[in-house]
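Asks: Here is a sequence with its predicted model. Questions after.
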Amino acid sequence: MQTIVHLFKNNVREYGMIIALVLITGLFWVLTDGVNFTPLNLTNLILQNGFILVLAIGMVLVIITGNIDLSVGSIVAFIGAVAGVLIINMNVPVWLTIILALLAGAFIGVWQGFWISYIGIPSFIVTLAGMLIFRGLTLWLLGGQSLAPFPDSFQQISNGFLPDIGGGSIHIVTLLLSALLSLLLVYLEFRARKAQLQYHLEVLPIWVTLAKLTVLLLVINWFAYQLALNKGIPIVLVIVLLLIALYTFVMKNTVIGRHIYATGGNKKAADLSGIKTKQVVFWVFVNNGVLAALAGLMFAARLNSATPAAGNMLELDAIAAVFIGGASMAGGVGTVIGAIVGGLVMGVMNNGMSLIGIGIDWQQFIKGLVLLFAVGFDVYNKKKS
């Protein structure tokens, strides 16, 4: 029992947000008479929030280093405009457009990372300037008009689903992939437990591990079953899951991840220990530019148009998701999973409030309060420790 209490105290923010996500989801289940749990609504929830989760993954790395990026919403709009001009006006193939758009995102990251890392201008100022620059370039590229429609192959990025092997009323591929994911998670959990025991580290009691796995697998397979009743797994979800797996591995198991945490935790100490903190921050912004470009492609595909107003306020949604998910304003603290949980909290709230008819004015008000309380909780925890 002491081990469980100790584990919860050390991870109070992560577990707290997961509990909050469960409570918020349950609240809207009651208020909507279960409509938010229907297969169609769960699919729409993924499609509507996929690009925000992608932005949150990039943003959490930036915030862990002690920086911030206010330009990602404008980058989303700019990349959508680039894709529109290339595909619709110039008939460039979709695959080549995607490559060029991601390269453009990387170049934007190089541009902003250079001013922040090597010139020493605060990230708030550089990315605020970027927000204006790329919004202006979007207006120039589009001439103030929207470009539409995109070809079906491009729309598949945000509106497509994995193909099925059967023609029945339930998506078999979704159920098979869910079963494979369940087996993989069980294997990884017990492999990690074996490694901890091998090095004589403290581990949870076996019954706690089994209970945690049971709950996790029930949630995953129930969710997969609901998707299988509709059209199956959206391509957006595949992209998000692959990014979660990749960036969680990088942040937990690689030297690069440890350097990112060290840079945000104590930059001077990191410099003295030999970490090239300027390069770390530079590449974090390059990475964020690429992910913002990917989100821009997803957003344009979702809208089926490139529009000057695209991505408006998305930077605030991404930042809010990261802070709600447990990141610290001081840097050095935060996880990819936490950012995803924070993004889901925002997404579930948006979806639930829309279902019960709350206006956009009160939605913004409530989301602002949630962000304020999340950051206030972080400050309170720091004062206690």
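Replies: Good, I have the coordinates.

Asks: Kindly provide the distance from K267 to V203.
Replies: 34 Å (CB to CB, to the nearest Å). In short, each C-beta sits where N, CA and C put it, glycine included.

Asks: Between the two, which is the more surrounded one?
Replies: Each of K267 and V203 has its neighbours counted (other CB atoms under 10 Å); K267 has more, 19 against 15.

Asks: check contacts around the closest residue to the more buried one other than its chain neighbours.
Replies: Nearest non-adjacent residue to K267, counting by CB to CB, 6 or more residues apart in numbering: T277, 5.4 Å away. Shown in contact with T277 (CB atoms under 8 Å, 6 or more residues apart in numbering): H259, T263, K267, A270, D271.

Asks: which among the residues you listed end up buried?
Replies: H259, T263, K267, A270 (16 or more other CB atoms under 10 Å).

Asks: Among those residues, which one lies nearest to P122?
Replies: K267 (13.2 Å; CB to CB).

Asks: in terms of contact, does the closest one touch G66 like I think?
Replies: Yes. In this structure, K267 is within contact of G66 by CB atoms under 8 Å, at 7.0 Å.

Asks: Now list whatever residues contact both of those two.
Replies: In contact with both K267 and G66: no residue, using CB under 8 Å, 6+ apart.

Asks: Tell me the predicted confidence for the residue positioned nearest the centre of the chain.
Replies: Centre of the chain computed as the mean C-alpha position; nearest residue by CA atoms, centre = their mean is L53, 2.5 Å away. In this model, L53 is scored at 95, pLDDT.

Asks: still on that earlier bit, filter the contacts of T277 down to the ones in helices?
Replies: Counting by DSSP state H, those place H259, T263, K267, A270, D271 in helices.

Asks: any chance of those residues in JSON lines, with pLDDT and distance to N351 too?
Replies: As requested, the ones in helices among the contacts of T277 are exported to JSON lines (pLDDT from 0 to 100; distance: CB to CB, whole Å):
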{"residue": "H259", "pLDDT": "95", "distance to N351": "37"}
{"residue": "T263", "pLDDT": "94", "distance to N351": "36"}
{"residue": "K267", "pLDDT": "90", "distance to N351": "39"}
{"residue": "A270", "pLDDT": "92", "distance to N351": "40"}
{"residue": "D271", "pLDDT": "90", "distance to N351": "44"}
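
Asks: how about those in JSON lines, adding distance to R191?
Replies: As requested, the ones in helices among the contacts of T277 are exported to JSON lines (distance: CB to CB, whole Å):
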{"residue": "H259", "distance to R191": "25"}
{"residue": "T263", "distance to R191": "30"}
{"residue": "K267", "distance to R191": "34"}
{"residue": "A270", "distance to R191": "31"}
{"residue": "D271", "distance to R191": "35"}
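
Asks: Give me the nearest residue to the residue nearest to the centre of the chain, chain neighbours excluded.
Replies: Nearest to L53 is G343, by CB to CB, 6+ apart, at 4.6 Å.

Asks: list the contacts for that neighbour?
Replies: With contact taken as CB under 8 Å, 6+ apart, G343 is in contact with N49, I52, L53, A56, D317, A318, A321, G325.

Asks: got the contact list for Y225?
Replies: When contacts are counted by CB under 8 Å, 6+ apart, Y225 touches L175, S178.

Asks: 7 Å instead?
Replies: Neighbouring residues of Y225 by CB atoms under 7 Å, 6 or more residues apart in numbering: L175.

Asks: That one - that's part of a strand, no?
Replies: No. Using DSSP: H, G, I helix; E, B strand; the rest coil, the assignment for Y225 is helix, not a strand.

Asks: Mind pulling up the pLDDT for it?
Replies: 92.

Asks: gap between it and I233?
Replies: Taking CB to CB, one finds Y225 at 12 Å from I233.

Asks: I57 too?
Replies: Taken as CB to CB, the span from I57 to I233 is 19 Å.

Asks: Tell me which of those two has more neighbours.
Replies: I57 (26 against 22).

Asks: Check which element follows the helix or strand where that one lies along the chain.
Replies: For I57, the element it lies in under DSSP states H and E is helix 39-64. Moving toward the C-terminus from helix 39-64, the next helix or strand (DSSP H and E) is helix 72-84.

Asks: Could you tell me the angle between the helix or strand that that following helix is followed by and helix 72-84?
Replies: Counting by DSSP H and E, the next helix or strand C-terminal to helix 72-84 is helix 94-114. Calculated by axes from the mean of the first three to the mean of the last three CA atoms, to 10 degrees, helix 94-114 forms an angle of 150 degrees with helix 72-84.

Asks: Run through who's touching helix 94-114.
Replies: Under CB under 7 Å, 6+ apart, the answer for helix 94-114 is 71, 75, 79, 82-83, 86-87, 126-127, 130, 151, 153-154, 281-282, 285-290, 292-294, 296-297.

Asks: Which SSE is immediately downstream of the helix or strand of the chain with the lowest mean pLDDT?
Replies: Within the chain, no helix or strand scores below helix 2-10, which has a mean of 55 by mean pLDDT, DSSP states H and E. Where DSSP H and E defines the elements, the next helix or strand beyond helix 2-10 is helix 12-31.

Asks: Dump that next one to CSV, restricted to CA.
Replies: Output of helix 12-31 as CSV, limited to C-alpha atoms (Å, rounded to 0.1, in the frame of the first residue of the first chain):
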residue,chain,number,x,y,z
VAL,A,12,0.2,13.3,-8.9
ARG,A,13,-0.2,15.5,-11.9
GLU,A,14,-0.3,12.7,-14.5
TYR,A,15,-2.7,10.5,-12.5
GLY,A,16,-4.7,13.6,-11.5
MET,A,17,-5.3,14.5,-15.2
ILE,A,18,-6.2,11.0,-16.1
ILE,A,19,-8.7,10.9,-13.3
ALA,A,20,-10.0,14.4,-14.4
LEU,A,21,-10.4,13.0,-18.0
VAL,A,22,-12.4,10.1,-16.7
LEU,A,23,-14.6,12.3,-14.6
ILE,A,24,-15.2,14.9,-17.4
THR,A,25,-16.0,12.1,-19.8
GLY,A,26,-18.4,10.5,-17.3
LEU,A,27,-20.1,13.9,-16.7
PHE,A,28,-20.8,14.5,-20.4
TRP,A,29,-22.0,10.9,-20.7
VAL,A,30,-24.7,11.7,-18.1
LEU,A,31,-25.4,15.2,-19.6
